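Visitor: Pasted the sequence and its predicted model underneath.
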Amino acid sequence: MSEENITRMDLDGKEIILIGTAHVSKHSAEQVKEVIEKEKPDTVCVELDEQRYQSIQNKNKWRDMDIFKVIKEKKATFLLMNLAISSFQNRMAKQFGISPGQEMIQGIDSAEEIDAELVLADRNIQITFARIWHGIGFSGKAKLLMQIIFSIFSNESITEEELEKMKSQDMLNAMLDDFTESFPRLKTPLIDERDQYLAEKIKQADGNKIVAVLGAAHVPGIKKEIRKEQDLDRLTERPPKSKVPKIIGWGIPIFILAVIAYTFYANPSAGLQQTISWVIWNGSFSAIGAFVALAHPLAILTAFIAAPITSLNPLIASGFFAGFVQAYIRRPSVADFEHLSEDVHSVKGFWNNKVTRILLVVLLANLGSSLGTLIGGADVIRLFIENL
């Protein structure tokens with residue numbers, strides 16, 4: 001058996017075997033099977049959290065999704081990000097003729113075959129995203145979203161050599177590699193904290209012999225961190241929500257309403273002009289966003305009507321209403337959900353699938369409304385100054 005990509009450690013009487021894998025490498029999956037069958041460990045740790053584990057186990061996860069619930073819980077953008085990451089991973093896996101995450105699936109199957117305990121050793125992906133999101137600032141958020149969107153529409157294939165280089169990364173790292181160079185702070189929640197979390201979960205695993213299946217990027221960090229005491233409570237804390245977005249979210253509409261109200265009091269015709277400007281700019285840009293998403297005409301009309309009102313209330317958004325109308329009129333079929341993971345591989349598929357089109361309607365109508373708020377608000381202030 002080749003010892004390539006295998007690290008052996010002794011820790012407090014336990015034998016720990018780390019397998020560093022590439023997440024779309026057929027060789028990695030074969031090596032995981034070979035090591036577990038030969039070593040027969042008491043416990044197998046895999047670099048998955050409960051959410052990703054359930055996604056692997058539940059083959060019908062997309063078919064069972066309630067699109068109305070996704071919109072209502074304001075998870076459309078998060079779901080689009082997950083689909084983008086899934087698209088990136090599936091595209092590479094398809095190129096090399098293997099299932100995405102095959103080495104993790106193999107780890108799960110092999111653990112079951114030898115009756116070993118299975119430990120889901122990675123931190124919850126939503127906590128990781130929350131800690132990333134908290135630390136990168138507004139420009140970082142914009143750049144991250146653009147990076148993810150670009151990955152959806154990229155048709156570039158990778159070579160075997162580039163795939164081998166990915167053995168020094170995990171899937172999320174590979175996708176965000178360029179972004180990590182621009183924003184070094186991303187490395188802490190994406191790599192360092194997960195190294196610490198994985199190290200502690202592996203160390204706490206039951207039994208005298210433990211095999212851990214990991215993206216190779218984490219092996220050096222785990223070797224360094226595993227002999228230290230890690231605070232899992234600290235590592236799983238969600239960052240406190242900043243009050244600034246809430247202050248801005250309520251401050252802007254209150255200011256706009258105050259300006260329009262004062263203008264109406266001083267000059268009713270100018271106040272009416274401000275109101276019309278606010279409605280036209282907000283409604284038009286939100287409707288344009290829905291139109292770009294190829295929304296149904298009634299969903300486009302809904303975006304136009306809702307945007308001027310929802311822009312004055314940060315708790316609701318025009319995309320919420322436009323998405324509901326789109327979902328009601330163009331209700332996705334079972335086939336749309338079943339084909340979701342394949343359709344997100346292309347721009348055409350993203351717009352043709354009824355599920356992703358609804359998500360795009362929500363996202364683009366909201367983006368249009370945000371742009372309309374900036375332009376409409378500026379025009380309201382212009383009219384106010386001109387009529388002082």
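Guide: Structure received. This one's a predicted model, so the numbers in the text were calculated from it and none came from an experiment. Numbering: from 1, shown residues only.
Visitor: What are the boundaries of the helices in the stretch 151-300 of the chain?
Guide: 160-165, 171-175, 177-182, 187, 193-204, 219-225, 232-235, 244-266, 268-292, 297-310 (DSSP state H, counting those that start in this stretch).
Visitor: what would these look like in a markdown table with mean pLDDT and distance to Asp122?
Guide: Every residue, glycine included, has its C-beta placed from N, CA and C. Shown next, in a markdown table, are the helices of the stretch 151-300 of the chain (pLDDT from 0 to 100; distance: least, Cβ to Cβ, whole Å):
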| stretch | mean pLDDT | distance to Asp122 |
| --- | --- | --- |
| helix 160-165 | 55 | 22 |
| helix 171-175 | 52 | 10 |
| helix 177-182 | 57 | 18 |
| helix 187 | 75 | 17 |
| helix 193-204 | 94 | 6 |
| helix 219-225 | 92 | 12 |
| helix 232-235 | 92 | 11 |
| helix 244-266 | 86 | 29 |
| helix 268-292 | 94 | 35 |
| helix 297-310 | 95 | 37 |
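Visitor: which one of those lies closest to Leu120?
Guide: Of all the helices of the stretch 151-300 of the chain, helix 193-204 sits nearest to Leu120, with 8.1 Å by Cβ to Cβ.
Visitor: For Phe321, which of the helices of the stretch 151-300 of the chain is the nearest?
Guide: Closest among these, using Cβ to Cβ: helix 297-310, at 4.4 Å.
Visitor: got the angle for the helix or strand that that closest one is followed by vs helix 268-292?
Guide: Once the chain leaves helix 297-310, the next helix or strand it forms, by DSSP states H and E, is helix 318-329. Here helix 318-329 runs at an angle of 50 degrees relative to helix 268-292 (axes from the mean of the first three to the mean of the last three Cα atoms, to 10 degrees).
Visitor: helices and strands around helix 318-329, which ones?
Guide: In this structure, helix 318-329 packs against helix 67-72, helix 268-292, helix 297-310, helix 354-386, with contacts taken as 3 or more Cβ pairs under 8 Å, 6 or more residues apart in numbering; DSSP states H and E.
Visitor: mind checking which of the helices of the stretch 151-300 of the chain is nearest Phe68?
Guide: Counting by Cβ to Cβ, Phe68 lies closest to helix 297-310 out of the helices of the stretch 151-300 of the chain; the figure is 14.0 Å.
Visitor: follow-up on the earlier one: highest mean neighbour count out of the helices and strands packed on helix 318-329?
Guide: helix 297-310 (a mean of 23; mean count of other Cβ atoms under 10 Å).
Visitor: And the contacts of it?
Guide: Helix 297-310 has contacts (Cβ atoms under 8 Å, 6 or more residues apart in numbering) with 278-279, 282-287, 289-291, 295, 316-323, 325-326, 329, 361, 365, 368-369, 372, 376.
Visitor: so which of the helices and strands packed on helix 318-329 comes closest to Ile202?
Guide: Of the helices and strands packed on helix 318-329, nearest to Ile202 by Cβ to Cβ is helix 67-72, at 34.2 Å.
Visitor: Quick one: distance of the closest one to the chain centre.
Guide: 16 Å (Cα atoms, centre = their mean, to the nearest Å).
Visitor: And the contacts of that helix?
Guide: 76, 79, 320, 323-324, 327, 332, 355, 358-359, 362.
Visitor: circling back to that earlier point, select, out of the helices and strands packed on helix 318-329, the one closest to Val259.
Guide: Val259 lies closest to helix 354-386 among the helices and strands packed on helix 318-329, at 5.0 Å (Cβ to Cβ).
Visitor: Quick one: mean pLDDT over the closest one.
Guide: Helix 354-386 carries an average pLDDT of 90.
Visitor: Same check on stretch 19-34?
Guide: Stretch 19-34 comes out at a mean pLDDT of 81.
Visitor: measure that stretch end to end?
Guide: Stretch 19-34 stretches 11 Å from its first residue to its last (Cα to Cα, to the nearest Å).
Visitor: Then stretch 41-49?
Guide: Terminal residues of stretch 41-49 are spaced 20 Å apart (Cα to Cα).
Visitor: Give the buried residues for it.
Guide: Neighbour counts using 16 or more other Cβ atoms under 10 Å place 41-49 of stretch 41-49 among the buried residues.
Visitor: ok, back up a step: need the helices and strands packed on helix 318-329 in JSON lines with distance to Gly207, can you?
Guide: As requested, the helices and strands packed on helix 318-329 are exported to JSON lines (distance: least, Cβ to Cβ, whole Å):
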{"stretch": "helix 67-72", "distance to Gly207": "40"}
{"stretch": "helix 268-292", "distance to Gly207": "54"}
{"stretch": "helix 297-310", "distance to Gly207": "55"}
{"stretch": "helix 354-386", "distance to Gly207": "42"}
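Visitor: looking at those, which is closest to Lys187?
Guide: Of all the helices and strands packed on helix 318-329, helix 354-386 comes closest under Cβ to Cβ, at 27.9 Å.
Visitor: How far away from the center of its chain is that closest one?
Guide: For helix 354-386, the distance to the chain centre is 23 Å (Cα atoms, centre = their mean).
Visitor: could you give the angle of that helix to helix 297-310?
Guide: Using the same axes, to 10 degrees, helix 354-386 lies at 40 degrees relative to helix 297-310.
Visitor: how many degrees apart are helix 354-386 and helix 244-266 in direction?
Guide: 50 degrees.
Visitor: And the average pLDDT for stretch 102-111 is what?
Guide: Mean predicted lDDT for stretch 102-111 stands at 90.
Visitor: Redo the helices of the stretch 151-300 of the chain as TSV? Include distance to Ile16.
Guide: Converted to TSV, the helices of the stretch 151-300 of the chain look like this (distance: least, Cβ to Cβ, whole Å):
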stretch	distance to Ile16
helix 160-165	25
helix 171-175	22
helix 177-182	28
helix 187	24
helix 193-204	6
helix 219-225	9
helix 232-235	18
helix 244-266	43
helix 268-292	51
helix 297-310	53
